[in-house]
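Participant: Here is a sequence together with a model predicted from it:
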2 protein chains.
Amino acid sequence: MTSSIISFTLLVLCVLGSVTRGQSPAPSPTMQSKPYGLVIHGGAGVISRETMTPQVENAYRTTLAEALAAGYSVLEHGGASVDATIAAVRVLEDSPLFNAGHGAVMTAEGLCELDAAVMDGNGLRAGAIAGVRHIRNPILLARDVMEKSNHVMLTGEGAEKFAQSLGYDRVANEYFQTERRRLQLEKAKEIDRKVGTPEHVRNEQKSGDEFTFDGIDPMPERKWGTVGAVALDQAGNLAAATSTGGMTNKKFGRVGDSPIIGAGNYADNATCAVSATGHGEYFIRATVAYSISARMAFGRETLGAAAKQAIDTVGTLGGTGGVIAIDRKGNVATPFNTPGMYRGVHLSSGKPLIEIFPSEP
Amino acid sequence: MTSSIISFTLLVLCVLGSVTRGQSPAPSPTMQSKPYGLVIHGGAGVISRETMTPQVENAYRTTLAEALAAGYSVLEHGGASVDATIAAVRVLEDSPLFNAGHGAVMTAEGLCELDAAVMDGNGLRAGAIAGVRHIRNPILLARDVMEKSNHVMLTGEGAEKFAQSLGYDRVANEYFQTERRRLQLEKAKEIDRKVGTPEHVRNEQKSGDEFTFDGIDPMPERKWGTVGAVALDQAGNLAAATSTGGMTNKKFGRVGDSPIIGAGNYADNATCAVSATGHGEYFIRATVAYSISARMAFGRETLGAAAKQAIDTVGTLGGTGGVIAIDRKGNVATPFNTPGMYRGVHLSSGKPLIEIFPSEP
């Protein structure tokens, strides 16, 4: 018993050490109470210190801190992990900075089409929506699919009808649209014209190499900015929530990994909760979120090793992105293979921490 | 070397023994050539000898045999596992007997909405479509998503537009509709009226128990009939293909497990190929298809143990259905927790075999 407490303490301290890398030492965990905590992300991608002004960086850090506080407050007051993840994701959906809800990227037709998923590790309950255009907070509808339908995934106009049946307001698509995303769409279309290759002839799946035409990467800034949260509550329940606008200039009703249970989002009380961000096609093919749970359950891997392996697998296929993950002991992992990932961590044993770059001073 | 050949022979004979349970002994495998083979299914559900006339049973067995022969012929001539699975699934889609393509079940609006997925275990390439209404063979479009787009999943009208861009014929939805499915839809609606509970108040995820109202199961015959195929070719490549019309009286753009890579369909040359059938929501929550691969990869489980565990997990959640699976050595597993599952197996080391019930004489 004593030795297990000691090893648990070491484990917590070790995790804190890696999470708060370079920060002042976190306070010792209180052994009387069970650990709990929240991790959030606002997308992974080509984020560099060189191209980011202090003002922009500050805006991101402020909103991430606000989302982290909103979710952590739920946990602190004894609330459920599902509620905490949704509280955090709502803040990120409402912000124009991230690719979810208001400020989502645009389809080829200049519309915002939103996907979201939530999973409750208690009983493996899940809900997801794909391709909705008129739901202010897609994550709330995903939750209602989980709690108020007998389905897991609803799509398009059908999902909107389900929302109507529950009394949701139907917001105009213009609510989601922002000037910044309109410019990104124009830029993406311009690149596509330069590349000159019709959608159905290109195929990234044919090669694990980075996908370029004459040195032009047709995908910069298109596939990132998804938001998500994972939480462990005081009752020991894990949950994951993810929301996205998908990929700039997307066509043909494309669905990425975010609303795919097992790919972009997964939670199981027996293992961990995971939310992913990145080039969704690769995350679907590698079933990333569930693979981390599976590595822990069947391979007895640690959360950190499992999450790193999952991102390495994405990399092997030629994909980029990252995940946030928390396990039932409160261990945290946030691996990514992009230059940066917007993220925040607040464990009951420590202070809130916001990070963007791989190794922050 | 010799001992490994002997153990391989024993393995093959053991597998054949379980597959051909009660049949006359299969011929010895030819040790010179690599094993290859095909497994198909036409859905799992409440199928009983008592309620099935010999004529109906014969019709099912004949079409299953035709699909099995179509796919196996590809393998026999050295073709690719992807081609073999698609050849088999096309036959089942074209038959009015199964819930896929022509003869698919109907939505609440009396339409057929089709989902399909294919995965190539060589490189983890995948393609899927959901909610299409005008594509004669949905499995062909899923394949074109994999091979001719840079996406994995396309949905609804967008997927139809992608098909148009490739020159697909747009077939009328009436092509898929059959009198039998219209009667099933009427029956389902009648049960829903009797049950009198609106869709969004019921929630199967709240309980692991069988979902009934006053002894009426509102879901009989609604959620089964999906078709699928898995194959191992002479080059050692695995593939899986799945196609479905989903659930009778489905609403709100509901998507089940079939087009969800990892849930209803998965293939990885390193492990196995899987196609699932059953109550899709449970298969999504348990990430069934990929979980079998993960149990083999991370837990070193055999295909048979992994597949059985996956179906047991579905059962624990309260779900019913089955999977077909083949691994890279040619081992086959076809577990299901329903009274029956339409299925067929043809391994290079044996004869074609069609089965419907758990234990056939």
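Facilitator: Alright, I've got the coordinates.
Participant: residue contacts, the nearest residue to A:Gly127 once chain neighbours are set aside?
Facilitator: In this structure, A:Gly127 finds its nearest non-sequential neighbour in A:Met146, 2.9 Å apart by CB to CB, 6 or more residues apart in numbering or on different chains. For the C-beta atoms, the positions are set from N, CA and C on the backbone; glycine is no exception. The neighbours of A:Met146, taking CB atoms under 8 Å, 6 or more residues apart in numbering or on different chains as the test, are A:Val118, A:Met119, A:Asp120, A:Arg125, A:Ala126, A:Gly127, A:Val152, B:Gln205.
Participant: Nearest to B:Gly330 among the residues you listed?
Facilitator: Nearest to B:Gly330 among the contacts of A:Met146 is A:Val152, at 33.3 Å by CB to CB.
Participant: For chain A, give me the ranges with low pLDDT.
Facilitator: A:1-32, A:196-224, A:360-361 (pLDDT under 70).
Participant: Now the residue nearest in space to the middle of it: which helix or strand?
Facilitator: What sits nearest the mean C-alpha location of chain A, by CA atoms, centre = their mean, is A:Gly228, with 3.2 Å. Taking DSSP states H and E as the definition, A:Gly228 sits inside strand A:227-232.
Participant: still on that earlier bit, ok, then the element right after the helix or strand hosting the residue nearest to A:Gly127?
Facilitator: For A:Met146, the host element (DSSP H and E) is helix A:138-148. Downstream of helix A:138-148, the next assigned helix or strand under DSSP H and E is strand A:153-155.
Participant: And that next one, what's buried?
Facilitator: A:Met153, A:Leu154, A:Thr155 (16 or more other CB atoms under 10 Å in any protein chain shown).
Participant: Touching, the first one and A:Ile129? I think so.
Facilitator: Yes: because the distance of 7.3 Å satisfies CB atoms under 8 Å, A:Met153 is recorded as touching A:Ile129.
Participant: Can you check which residues contact both of those two?
Facilitator: Among the neighbours of A:Met153, those also in contact with A:Ile129 (CB under 8 Å, 6+ apart) are A:Val145, A:Pro259.
Participant: State the phi and psi torsions of A:Val171.
Facilitator: Main-chain torsions, A:Val171, degrees, to the nearest 10: phi -90, psi 150.
Participant: and the gap between it and A:His134?
Facilitator: 5 Å (CB to CB, to the nearest Å).
Participant: Settle it for me: which of the two has more neighbours?
Facilitator: A:His134 (19 against 15; other CB atoms under 10 Å in any protein chain shown).
Participant: what helix or strand is that one on?
Facilitator: Counting by DSSP H and E, no helix or strand carries A:His134.
Participant: That one and chain B, how far apart?
Facilitator: In this structure, A:His134 and chain B are 14 Å apart, going by CB to the nearest CB, to the nearest Å.
Participant: isn't that residue right up against A:Asn173?
Facilitator: Yes: the criterion here is CB under 8 Å, and A:His134 meets it with A:Asn173 at 6.6 Å.
Participant: and the stretch 1-150 of chain A, which residues reach chain B?
Facilitator: Residues of the stretch 1-150 of chain A lying close to chain B by CB under 8 Å from any CB of the partner chain are A:Gly123, A:Leu124, A:Arg125, A:Ala126, A:Ala130, A:Gly131, A:Asp144, A:Met146, A:Glu147, A:Lys148, A:Ser149, A:Asn150.
Participant: Most neighbours among the residues you listed, which one is it?
Facilitator: Using other CB under 10 Å as the neighbour criterion, A:Ala130 leads these with 32 neighbours.
Participant: Could I get the contacting residues of that one?
Facilitator: A:Asp115, A:Met153, A:Leu154, A:Thr155, A:Gly156, A:Ala159, A:Val255, A:Pro259, B:Thr155, B:Val255.
Participant: same thing but 7 Å
Facilitator: Residues in contact with A:Ala130 (CB atoms under 7 Å, 6 or more residues apart in numbering or on different chains) are A:Asp115, A:Met153, A:Thr155, A:Val255, A:Pro259, B:Thr155.
Participant: Give the helix, strand or coil label for it.
Facilitator: strand (DSSP: H, G, I helix; E, B strand; the rest coil).
Participant: Relative to A:Leu317, how far out is it?
Facilitator: Taking CB to CB, one finds A:Ala130 at 22 Å from A:Leu317.
Participant: cool, and A:Ser348?
Facilitator: Distance from A:Ser348 to A:Leu317, by CB to CB: 36 Å.
Participant: can you check A:Leu114 too?
Facilitator: Taking CB to CB as the measure, A:Leu114 falls 26 Å from A:Leu317.
Participant: residues from the stretch 251-361 of chain A in reach of chain B?
Facilitator: Within the stretch 251-361 of chain A, the residues that sit near chain B (CB under 7 Å from any CB of the partner chain) are A:251-255, A:260-263, A:281, A:284-287, A:290-291, A:294-295, A:298-299, A:317.
Participant: Emit the ChimeraX select command for whichever of these are buried.
Facilitator: Selection of buried members from those for ChimeraX, criterion 16+ other CB under 10 Å:
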select /A:251,252,253,254,255,260,261,262,263,281,284,285,286,287,290,291,294,295,298,299,317
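Participant: Helices - which of the residues of the stretch 251-361 of chain A next to chain B land there?
Facilitator: Using DSSP state H to define helices, the subset of those located there is A:Glu281, A:Ile284, A:Arg285, A:Tyr290, A:Ser291, A:Ala294, A:Arg295, A:Phe298, A:Gly299, A:Leu317.
Participant: In the stretch 251-361 of chain A, which residue sits nearest chain B?
Facilitator: A:Gly253 (2.4 Å; CB to the nearest CB).
Participant: Over to the stretch 101-250 of chain A?
Facilitator: A:Gly158 (2.4 Å).
Participant: Pop the domain breakdown of chain A in here.
Facilitator: A:2-31, A:37-176+A:220-355 (automatic domain parsing).
Participant: Report the distance from the longest one to the chain centre.
Facilitator: Relative to its parent chain, domain A:37-176+A:220-355 has a centroid offset of 3 Å by CA atoms, centre = their mean, to the nearest Å.
Participant: May I have the distance across it, first residue to last?
Facilitator: 16 Å (CA to CA, to the nearest Å).
Participant: CA atoms only for stretch A:269-289, dumped as CSV, please.
Facilitator: What follows is stretch A:269-289, C-alpha atoms only, in CSV (Å, rounded to 0.1, in the frame of the first residue of the first chain):
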residue,chain,number,x,y,z
ASN,A,269,-12.8,5.2,-18.3
ALA,A,270,-10.6,2.1,-18.4
THR,A,271,-7.8,3.8,-20.3
CYS,A,272,-7.9,7.5,-21.4
ALA,A,273,-9.6,10.3,-23.2
VAL,A,274,-8.2,11.7,-26.5
SER,A,275,-9.0,14.6,-28.8
ALA,A,276,-7.0,15.0,-32.1
THR,A,277,-6.2,17.7,-34.5
GLY,A,278,-4.4,17.6,-37.8
HIS,A,279,-4.8,16.3,-41.3
GLY,A,280,-8.0,14.3,-40.7
GLU,A,281,-7.6,11.7,-43.4
TYR,A,282,-4.5,10.3,-41.9
PHE,A,283,-6.1,10.3,-38.4
ILE,A,284,-9.0,8.2,-39.8
ARG,A,285,-6.8,5.7,-41.5
ALA,A,286,-4.8,5.1,-38.3
THR,A,287,-7.8,5.3,-36.0
VAL,A,288,-5.7,7.5,-33.9
ALA,A,289,-7.8,8.3,-30.8
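Participant: Check which residues of it are buried.
Facilitator: Per 16+ other CB under 10 Å, stretch A:269-289 contains these buried residues: A:269, A:271-289.
Participant: what about the strands in the stretch 51-200 of chain A?
Facilitator: Using DSSP state E, counting those that start in this stretch, the strands found in the stretch 51-200 of chain A span residues A:114-120, A:125-132, A:153-155.
Participant: what lines up beside the second one in the sheet?
Facilitator: Strand A:125-132 pairs in its sheet with strand A:114-120 (antiparallel), strand A:153-155 (parallel), by DSSP bridges.
Participant: any idea which of those is most buried?
Facilitator: strand A:114-120 (a mean of 33; mean count of other CB atoms under 10 Å in any protein chain shown).
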